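[1] 3D model of this:
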Amino acid sequence: MKHFVFAMDTCFSNSIVGVYPYEVRCEILAELGFDGIYVSLSPLELQNADKMAVTKERYGIKVTAAYGGFDISADKSDPGFEQVAKLYDQLPDGCDVELSLSSKDASIGKSSSDGDSKAMDKLEVLLSVADKHNSHVCLYPHIGAWLEKVEDGVRLCKKMNHPGLKTVFCGFHWYAVDGKGLAERIEEASPHLHSVNMCGTRKGGNVAGYTIEPLDCGEMDNFALLCLLNRYGYNGRIGFQGYSIGGDVYAYLRRSLALFRDMEDRLERHPNWGQIARK
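    Purely as a prediction, here's the structure:
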């Protein structure tokens with residue numbers, strides 16, 4: 001089975017030379033054969049809202065999701081939350097918003113269910129807005145955030161039981177938080193899983209003590225991850241994380257996409273290779 005494959009625009013931001021223009025990002029991804037682009041929202045990036053609206057028509061790729069976030073301990077009138085609520089009006093219909101949820105309230109620890117009611121109160125607002133735009137609210141586990149683990153996203157999805165609320169599995173953030181119980185995490189998340197992103201990673205880097213690398217590098221076995229996703233019935237979108245990689249983005253995205261399609265073909269030819277024992 002061929003997945004819808006996107007690249008996160010973190011691939012196109014280089015600390016040495018700057019950020020590739022939106023049009024160039026789309027041209028590169030279209031030429032390489034990607035299905036979509038994923039945007040990390042900022043005031044600067046929102047200047048591209050008009051361009052995002054015609055991306056599918058102009059380049060043949062979809063703006064599949066946008067990354068944002070808010071502080072669960074803040075009021076609904078907080079400018080950060082209000083900006084997230086307005087995103088759906090600025091993005092193409094069908095574009096999901098993937099959210100990192102933080103907390104400035106020191107009494108609410110990372111992954112603590114003590115913050116659930118505050119988070120759900122705000123998510124209710126966003127879900128009503130997303131529904132009008134045929135979109136989802138997707139919970140993005142991020143190291144250092146309150147919603148740090150995929151289990152946190154699963155917990156909120158179960159509590160809210162809303163068809164528009166989904167969770168994300170991030171290979172890098174799972175590995176950097178604890179890197180344990182991959183099969184269990186995918187099995188638990190599978191009923192609520194709507195988006196996955198992958199990369200190569202290893203200990204000893206400059207991103208929370210780990211690296212983010214092209215798909216064929218590092219210690220992460222992305223074929224094993226794909227096998228588990230297949231085992232638990234995931235057939236949704238899969239993207240490539242590229243934060244801090246640098247270098248020739250065209251070259252490493254071409255390499256990563258070729259490897260990913262090879263992994264899909266490998267699994268189809270040898271489905272028994274996906275029967276990886278739990279550790």
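
[2] for this protein, what helix or strand is lowest in average pLDDT?
    Ranked by mean pLDDT, DSSP states H and E, the weakest helix or strand in the chain is strand 13-14, scoring a mean of 81.

[3] what are the boundaries of the helices in the stretch 51-200 of the chain?
    Taking DSSP state H, counting those that start in this stretch as the criterion, the stretch 51-200 of the chain carries its helices at 55-59, 79-90, 116-132, 150-160, 171-177, 182-189.

[4] who's in contact with the last one?
    Here helix 182-189 makes contact (CB atoms under 8 Å, 6 or more residues apart in numbering) with 150-151, 153-154, 167, 169, 174, 193, 224-225, 228-229, 231-232, 234, 276, 278-279. To be clear about C-beta, it is placed using only N, CA and C from the backbone, and glycine gets the same treatment.

[5] filter the residues you listed to the buried ones?
    Buried members of the contacts of helix 182-189, scored by 16 or more other CB atoms under 10 Å, are 150-151, 153-154, 167, 169, 174, 193, 224-225, 228-229, 231, 234.

[6] closest one of these to residue 23?
    residue 169 (30.2 Å; CB to CB).

[7] show me the contacts for the closest one.
    Applying CB under 8 Å, 6+ apart, we find residue 169 in contact with 141, 150, 185, 186, 189, 193, 195, 196, 197.

[8] let's see 10 Å
    Counting by CB atoms under 10 Å, 6 or more residues apart in numbering, residue 169 makes contact with 140-141, 150, 153, 182, 185-186, 189-190, 193-198, 225, 228-229, 234, 238.

[9] check residue 127 too.
    120, 135, 136, 137, 160, 162, 163, 164, 165.

[10] most neighbours among those, which one?
    Tallying neighbours with other CB atoms under 10 Å puts residue 137 at the head of the contacts of residue 127, with 26 neighbours.

[11] in the longest helix seen in the chain, which residues are buried?
    The residue-count maximum for a helix in the chain (DSSP state H) belongs to helix 249-269. Buried residues in helix 249-269, counted by 16+ other CB under 10 Å: 249, 252, 253, 254, 256, 257, 259, 260, 263, 264, 266, 267.

[12] shouldn't the second one be in contact with residue 212?
    No. Using CB atoms under 10 Å, residue 252 is not in contact with residue 212; the gap is 11.1 Å.

[13] joint contacts of the two?
    The contact lists of residue 252 and residue 212 share 11, 200, 240, 242, 245, where a contact means CB under 10 Å, 6+ apart.

[14] done for today, thanks.
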